[in-house]
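Colleague: My questions concern the predicted model and sequence given below.
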Amino acid sequence: MDLPQLTENEVFMAFASYTTIILSKMMLMSTATAFYRLTRKVFANPEDCAQFGKGENAKKYLRTDDRVERVRRAHLNDLENIVPFLGIGLLYSLSDPDLSTALLHFRLFVGARIYHTIAYLTPLPQPNRALAFFVGYGVTFSMAYHLLKTRLYL
């Protein structure tokens with residue numbers, strides 16, 4: 001399949017669109033982490049806090065902060081969940097699934113990840129974050145199951 005054929009594949013183009021959305025959201029999480037580190041003057045590495053002083057004065061900025069850690073953990077959770085979605089979703093989108101089923105998978109995953117981030121950062125009481133996690137995980141698992149059942153040769 002060459003590039004012009006891929007751009008005519010509606011499922012692949014939908015995957016590309018939703019992947020762009022979710023990767024942009026993930027990129028914003030690293031920006032949010034940096035924002036909180038700078039505004040709260042909380043750094044993980046000595047060289048990062050050198051601008052605020054030398055020696056013992058700079059060491060007071062080497063600490064943890066609940067808000068910074070919450071954003072950082074949300075970003076790590078994105079990495080753990082979005083990377084498998086990218087690989088499995090790509091294979092799934094090339095396996096000729098029904099467009100409406102594929103759109104349901106992609107929309108549920110993106111919606112679940114966005115809601116997971118909101119639930120993590122707000123923070124909303126559990127089980128909000130857990131439900132969002134399991135919806136996204138379930139979508140990725142569903143696509144993997146479809147691939148293993150219908151397209152891959154084991």
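Modeller: Thanks, I have it. Residues are numbered from 1 along each chain as shown.
Colleague: nearest spatial neighbour of the most centrally placed residue in the chain, skipping sequence neighbours?
Modeller: Nearest to the mean C-alpha position of the chain, by Cα atoms, centre = their mean, lies D78 at 3.0 Å. Setting aside the residues directly before and after it, D78 is nearest to M26 in space (Cβ to Cβ, 6 or more residues apart in numbering), at 4.7 Å. Every residue, glycine included, has its C-beta placed from N, CA and C.
Colleague: Name the residues of the helix or strand in which that neighbour is found that are buried.
Modeller: Taking DSSP states H and E as the criterion, M26 maps to helix 10-40. For helix 10-40, a neighbour-count test (16 or more other Cβ atoms under 10 Å) marks 11-12, 14-16, 18-19, 22, 26, 29, 32-33, 36-37 as buried.
Colleague: Could you do stretch 133-149 as well?
Modeller: F133, V135, G136, Y137, V139, T140, S142, M143, A144, H146, L147.
Colleague: The fifth one and G111 touch, don't they?
Modeller: No. Shown here, V139 and G111 do not form a contact pair, counting by Cβ atoms under 8 Å, at 9.6 Å.
Colleague: Show me what the helix or strand hosting F109 is packed against.
Modeller: Assigned by DSSP H and E, F109 belongs to helix 99-121. Under the contact criterion of 3 or more Cβ pairs under 8 Å, 6 or more residues apart in numbering; DSSP states H and E, helix 99-121 touches helix 10-40, helix 66-93, helix 128-150.
Colleague: CSV for those helices, including distance to E56?
Modeller: Formatted as CSV, the helices and strands packed on helix 99-121 follow (distance: least, Cβ to Cβ, whole Å):
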stretch, distance to E56
helix 10-40, 20
helix 66-93, 22
helix 128-150, 39
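Colleague: Columns mean pLDDT and distance to T101 on top of these, output as CSV?
Modeller: Listed next are these as CSV, based on pLDDT from 0 to 100; distance: least, Cβ to Cβ, whole Å:
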stretch, mean pLDDT, distance to T101
helix 10-40, 95, 9
helix 66-93, 96, 10
helix 128-150, 96, 8
